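Participant: Need the 3D shape of this:
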Amino acid sequence: MKSVIDAVQRVAYLINQLAKQVQTDGSIGVHYLTATYVGNMEPLINSMYYEGGWLGDSIEQYVKAWRQFYRFLTLQGVEHEMMMPQTNEVVIDQSQDDNILSHTDHRNEQVGETETAIDQNWKERHDDYKDSILSMEQFWLLYAELHKVDSVYAVMAYTELVTCLRISALINCFPLGSNKLNPKWSSYLEMKRDNLTSQRLRYIAKGGKTKSLLAPVNMMEVFHHVYEKPESGLTYNQRLKKYRDRYCKTKYALNTRRTAKESPTWLKRNGTPVSVRDYQNKIQECAKRINIEAHSHILRHTGVTQMLYRYLKNNGLLASLSYMNQLIVNDAHTILKQHLGHVRVATTKRYIRTIERIIQESQLDMLLNTALSTSRKHQKMLDDNPILAKGVKMLEKAIEGADKQLDYNTA
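Facilitator: Below you'll find the model as predicted:
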């Protein structure tokens with residue numbers, strides 16, 4: 001579903017931009033069926049890169065969706081004038097090193113295509129995620145800024161960091177209580193009563209497959225005390241009441257088929273459910289206000305790096321750390337395979353190289369839990385908001401406890 005929604009949004013972006021485009025005769029707008037590649041799409045692509053500052057990889061995803069859209073029109077017999085340059089066929093070597101957990105798959109190559117409608121030099125080629133993770137100090141600053149807007153965004157960010165869930169799974173699959181996917185889901189109070197240190201969370205992963213991971217009790221404690229039943233501010237039940245009394249009567253609820261019988265996990269103060277785009281925008285807006293570059297997926301990268309680093313550290317593997325050390329790669333890959341559904345060893349190696357680079361550049365503070373009181377700016381923020389200060393102390397304690405209690409060997 002997410003793939004379809006992403007494709008629709010990218011095609012909608014193209015159609016909207018074509019409608020605003022100034023033509024050579026001075027007129028405004030061109031219909032997508034009469035638009036041409038040289039006259040309309042190519043200038044748009046160049047504008048996205050040179051004027052909009054878009055990343056080459058992002059532009060490529062949009063262009064691929066546009067190509068598929070026009071291919072679809074052609075197959076349906078719809079006439080159009082968009083003649084995009086032909087893609088280049090490429091044979092992709094499917095190394096068995098990228099499939100070490102399978103002993104039955106003997107395919108060693110597959111045919112793909114290279115997108116020629118964008119300059120391939122625009123694409124950044126990194127062999128690690130060093131520039132795509134936050135230090136813990138940056139995370140707490142982002143958390144605090146999100147908390148100012150609405151505690152729901154802050155708790156969502158924290159949950160994404162700890163579980164490493166993709167955004168769609170975070171929003172659509174994280175349960176408030178027991179449901180069909182997680183019939184034995186326990187609340188924080190139930191976990192505390194039963195002395196549970198973690199519980200299994202089942203979710204729908206990329207591609208529609210059902211996967212699972214461990215959710216530590218410390219994370220559930222944050223969810224409970226900061227969002228579900230905070231000492232001050234709206235409780236979840238108050239948010240839910242607004243959702244049923246107000247939001248469900250709006251046209252937006254009708255368009256998204258929301259009903260009062262539902263109990264969405266993530267609700268804003270006014271009772272509106274948090275959407276993927278809304279959450280992404282808030283992450284970027286708050287990051288910009290504290291002068292850091294961040295997007296929602298960066299929390300997943302940060303969480304994975306944290307988890308892998310702590311696993312390697314707890315098992316005494318840092319001394320021999322190397323993405324060339326096959327034993328470490330296999331061990332780490334098993335962890336990420338079980339916890340995150342990663343299939344390709346190449347992805348695991350990128351995370352190992354990330355940790356290598358951080359250690360080599362003496363930037364271990366990126367992987368350490370840095371208290372907010374380590375700078376004057378942080379301390380002033382805490383002094384001005386004692387409630388936030390109390391919540392942050394609890395969060396830091398929860399992360400420290402998670403390191404000790406969550407058994408990554410079985411994650």
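Participant: Give me the mean pLDDT for stretch 240-257.
Facilitator: Stretch 240-257 shows a mean pLDDT of 90.
Participant: Just give me how far that stretch sits from the chain centre.
Facilitator: 26 Å (CA atoms, centre = their mean, to the nearest Å).
Participant: Ok, stretch 234-253 next?
Facilitator: 26 Å.
Participant: Only the buried residues of that stretch, if you could.
Facilitator: 234, 236, 239-240, 242-244, 247-248, 253 (16 or more other CB atoms under 10 Å). The way it works is simple: take the backbone N, C-alpha and C, and place the C-beta from them, glycine included.
Participant: tell me which of the residues you listed is nearest to residue 81?
Facilitator: The closest of the buried residues of stretch 234-253 to residue 81 turns out to be residue 253 (CB to CB; 39.9 Å).
Participant: got any ranges where this protein has weak pLDDT?
Facilitator: 53, 90-112, 123-131, 206-207, 338-343, 362-411 (pLDDT under 70).
Participant: for it, what spans make up the strands?
Facilitator: With DSSP state E as the criterion, the chain has strands at 88-93, 109-114, 198-204, 210-216.
Participant: The last one pairs with which strands, parallel or anti?
Facilitator: Sheet partners assigned to strand 210-216 using DSSP bridges are listed as strand 198-204 (antiparallel).
Participant: got the CA positions of the partner strand in CSV?
Facilitator: Extracted as CSV, the C-alpha positions of strand 198-204 are listed here (Å, rounded to 0.1, in the frame of the first residue of the first chain):
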residue,chain,number,x,y,z
SER,A,198,10.1,-7.0,26.7
GLN,A,199,7.4,-8.3,24.5
ARG,A,200,7.1,-9.3,20.8
LEU,A,201,5.7,-6.7,18.4
ARG,A,202,4.3,-8.1,15.1
TYR,A,203,4.0,-5.6,12.3
ILE,A,204,3.6,-5.4,8.5
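Participant: May I see the buried residues of that strand?
Facilitator: For strand 198-204, by 16+ other CB under 10 Å, it's 198-199, 201-204.
Participant: Tabulate the residues you listed (a markdown table), appending distance to residue 361.
Facilitator: What follows is the buried residues of strand 198-204, written out as a markdown table (distance: CB to CB, whole Å):
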| residue | distance to residue 361 |
| --- | --- |
| 198 | 33 |
| 199 | 37 |
| 201 | 34 |
| 202 | 38 |
| 203 | 34 |
| 204 | 37 |
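Participant: pretty sure residue 276 contacts residue 168?
Facilitator: Yes. Assessed by CB atoms under 8 Å, residue 276 is found in contact with residue 168 at 6.2 Å.
Participant: got any residues that touch both of these two?
Facilitator: residue 2 (CB atoms under 8 Å, 6 or more residues apart in numbering).
Participant: can you list the residues that contact stretch 66-85?
Facilitator: Contacts to stretch 66-85, defined as CB under 8 Å, 6+ apart, come from residues 7, 10-11, 14, 32-37, 41, 87, 115-117.
Participant: Endpoints of it, how far apart?
Facilitator: 12 Å (CA to CA, to the nearest Å).
Participant: Just the buried residues of it, please?
Facilitator: Residues 66-67, 69-70, 82, 84 are the ones in stretch 66-85 that count as buried (16+ other CB under 10 Å).
Participant: what's the answer for stretch 204-219, then?
Facilitator: Neighbour counts using 16+ other CB under 10 Å place 204-205, 211-219 of stretch 204-219 among the buried residues.
Participant: Over to stretch 270-280?
Facilitator: 271-274, 276, 279.
Participant: now, the most widely separated pair of these?
Facilitator: Farthest pair in the buried residues of stretch 270-280 (CB to CB) is 271 and 276. Separation: 18.1 Å.
Participant: Which residues are in contact with the most centrally placed residue in the chain?
Facilitator: Centroid check for the chain by CA atoms, centre = their mean gives residue 297 as the closest residue, at 3.0 Å. Contacts of residue 297 were listed using CB under 8 Å, 6+ apart, and they are 166-167.
Participant: switch to 7 Å and redo it
Facilitator: With contact set as CB atoms under 7 Å, 6 or more residues apart in numbering, residue 297 has no partners.
Participant: Give me the distance between it and residue 246.
Facilitator: 31 Å (CB to CB, to the nearest Å).
Participant: try residue 1
Facilitator: From residue 1 across to residue 246, the span is 27 Å (CB to CB).
Participant: again with residue 27
Facilitator: The gap separating residue 27 from residue 246 is 43 Å, by CB to CB.
Participant: The nearest residue in space to residue 145 that is not next to it in sequence: neighbour count?
Facilitator: Nearest-residue entry for residue 145: residue 286, 4.0 Å, with adjacent residues in sequence omitted and distances by CB to CB, 6 or more residues apart in numbering. By the measure other CB atoms under 10 Å, the count of residues near residue 286 is 23.
Participant: Great, nothing more from me.
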